[in-house]
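[1] coords please:
(one chain, ligands or ions: 2)
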Amino acid sequence: MDAVTPNGSPTYVLASRAARPAPTIVNVRGEAIGAGACVLIAGPCAVESRDQLFRTAQLVSRCGGRFLRGGAFKPRSSPYSFQGLKEEGLKLLDAVRREFDLRIVTEVRDVETLPAVAEVADVLQVGARNMQNYPLLEAIGDMRRPVLLKRGAGATITELLMSAEYMLARGNEQIILCERGIRTFETLTRHTFDVSAIPMIRHLSHLPIAADPSHGVGIDWAVPPLAKAAVAAGADAVMVEVHPDPANALSDGQQALDFEAFERLARELRQLQTRSAE
Ligand code: PEP
Ligand code: MN
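    Ligands and ions are numbered 1, 2, ... in the order given. Take a look at the predicted model:
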């Protein structure tokens, strides 16, 4: 990897495979991401209530999950949509983290709320809309905490790696990159889930790669086959949205798996891993 692009501008260096031939393993309170086995991250799009969060946590835990996702601060496309429970949501995440052996993946929306979110997050999620929020990336880079960096809907793989570079340059190496679908001319799916990004990132970078088929396709029944495709393509983690009552979810209900579909998928993903280990 050259330090400059053909037009002479600096590019990512620390994120490249040349910088570190061995894969980076992100250790999240004793659970490794990037060590070979594909890790399941699951939970609701947004934290809505104690009951919703605890029921989902119980399910994820029972299905062998070690990571619970859920947004307290939700950056929504419309200012009129549910924006998350904010500080109240963080309190619920803190409570669920104490109750279950689960690591919390939750989104940080801005520099101002970063300290509060970092108190309960085991993994700080940088959302697609914030992939190029450089002050936020720099602040997280200084914190040196595990981070899940999502690819912007209109960002190239190179731009994703450049954003990771912002944090690596500040000394944070605990970065998981996340493919979550990009915008194409297709309108039947919410985004186009770019499976090819998984082997491409693996080829270019030592950083682990996660896949989020829920936002990638945006339709509940299409999530399981894409989750399996991501595992087959070599993803280090798969993140899916699951909700006790998808029809009444306050955000992203159309792509949330119900409990039955989630249990089935968790089982299938386990079988896929066992088969590939044989
Ligand atoms: C989410 O994970 O709920 C989310 C908002 O994702 P994205 O940033 O990929 O749209
Ligand atoms: Mn969502």
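[2] for ligand 2, give me its nearest residue in the stretch 151-278 of the chain.
    Across the stretch 151-278 of the chain, the shortest distance to ligand 2 (CB to the ion) belongs to Asp252, at 3.7 Å. (C-beta placed from N, C-alpha, C; glycine too.)
[3] quick check: end-to-end length of stretch 178-192?
    The first and final residues of stretch 178-192 sit 14 Å from each other (CA to CA, to the nearest Å).
[4] in that stretch, what's buried?
    Under the neighbour-count criterion of 16 or more other CB atoms under 10 Å, stretch 178-192 has 178-182, 190-191 buried.
[5] quick one, phi psi at Arg183?
    Backbone torsions for Arg183, taken as degrees, to the nearest 10, come to phi -80, psi 130.
[6] can you tell me the closest non-neighbouring residue to it?
    Leaving aside its sequence neighbours, Arg183 sits nearest to Ala153 (CB to CB, 6 or more residues apart in numbering; 4.7 Å).
[7] kindly provide the distance from the one you found to Ser16.
    Separation of Ala153 from Ser16 (CB to CB, to the nearest Å) stands at 24 Å.
[8] tally of neighbours for the residue nearest to Arg183?
    Neighbouring residues of Ala153 were enumerated by other CB atoms under 10 Å; the total is 17.
[9] quick check: it touching Arg190?
    No. Ala153 is beyond contact range of Arg190, at 9.5 Å (criterion: CB atoms under 8 Å).
[10] shared neighbours of these two, anything?
    Residues touching both Ala153 and Arg190 (CB atoms under 8 Å, 6 or more residues apart in numbering): Gly181.
[11] what sits against the residue nearest to Arg183?
    128, 180-183, 191.
[12] cutoff 10 Å now
    By CB atoms under 10 Å, 6 or more residues apart in numbering, Ala153 lies in contact with 128-129, 131, 180-184, 190-192, 215.
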